[in-house]
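> predicted model and sequence below, questions to follow.
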Amino acid sequence: MTNFKSGDIVLIEVIFSEQNESKKRPALIISTDEYNKNRKDIIIAAITSNTSRILLGDTLIDDWKKSGLLSSSLITATIQTIKNDMIIKKLGSLSKTDFETVKYNLKKAIIQ
């Protein structure tokens, strides 16, 4: 149902229910290509430019400039499933090295 791939960095519309407003935020697609191919939703990890606090499961992106991000960023272990229509556009893709590190760190936070 989607052309987005695992490892893509996308811009999404995040809706804040308490404030009745929305903001655009970058996110990393972490669902597999097989999952993405047949679904109307996609699994993402949140991205933040606040790199001062790295928690278990988070990954500081080394190649953030090549990934389509505007500043040094952190992939967080904050995971969501969103509808495909919340994706505004693709910004870029993580380097293979960064994506392998993200997968390793997420497993430390989720799977024991």
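In hand now; what should we look at?
> for the residue nearest to the spatial centre of the chain, name its beta-bridge partners.
Centroid-nearest residue in the chain, with CA atoms, centre = their mean: residue 28, separated by 1.8 Å. Bridge pairing for residue 28 (DSSP bridges) gives the partners residue 9, residue 45.
> list the buried residues in the top helix by length along the chain.
Scanning the chain for the helix with the most residues, using DSSP state H, yields helix 96-110. Within helix 96-110, the residues that count as buried by 16 or more other CB atoms under 10 Å are 98-99, 101-102, 105-106. Any C-beta I mention is one placed from the backbone N, CA and C, and that applies to glycine too.
> need those residues in CSV with distance to residue 66 and pLDDT, can you?
Below are those laid out as CSV (distance: CB to CB, whole Å; pLDDT from 0 to 100):
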residue, distance to residue 66, pLDDT
98, 9, 97
99, 12, 98
101, 15, 97
102, 15, 98
105, 19, 96
106, 21, 96
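> still on that earlier bit, hmm, who's touching the longest helix of the chain?
6-7, 28, 30, 45, 56-59, 61-63, 67, 75, 77, 79, 94 (CB atoms under 8 Å, 6 or more residues apart in numbering).
> next one: stretch 31-48
Here stretch 31-48 has contacts from 1-2, 4-6, 9-10, 12, 25-30, 69, 73-84, 87, 102, 106, using CB under 8 Å, 6+ apart.
> now the buried members of those.
Buried, going by 16+ other CB under 10 Å: 2, 4, 6, 9-10, 12, 26-30, 69, 73-77, 79, 82, 87, 102, 106, out of the contacts of stretch 31-48.
> quick one: low-confidence parts of this structure?
1-2, 17, 19, 112 (pLDDT under 70).
> and the strands in the chain?
8-16, 21-29, 41-48, 59-60, 74-83, 87-93 (DSSP state E).
> for the last one, which positions count as buried?
Buried residues in strand 87-93, counted by 16+ other CB under 10 Å: 87, 91-93.
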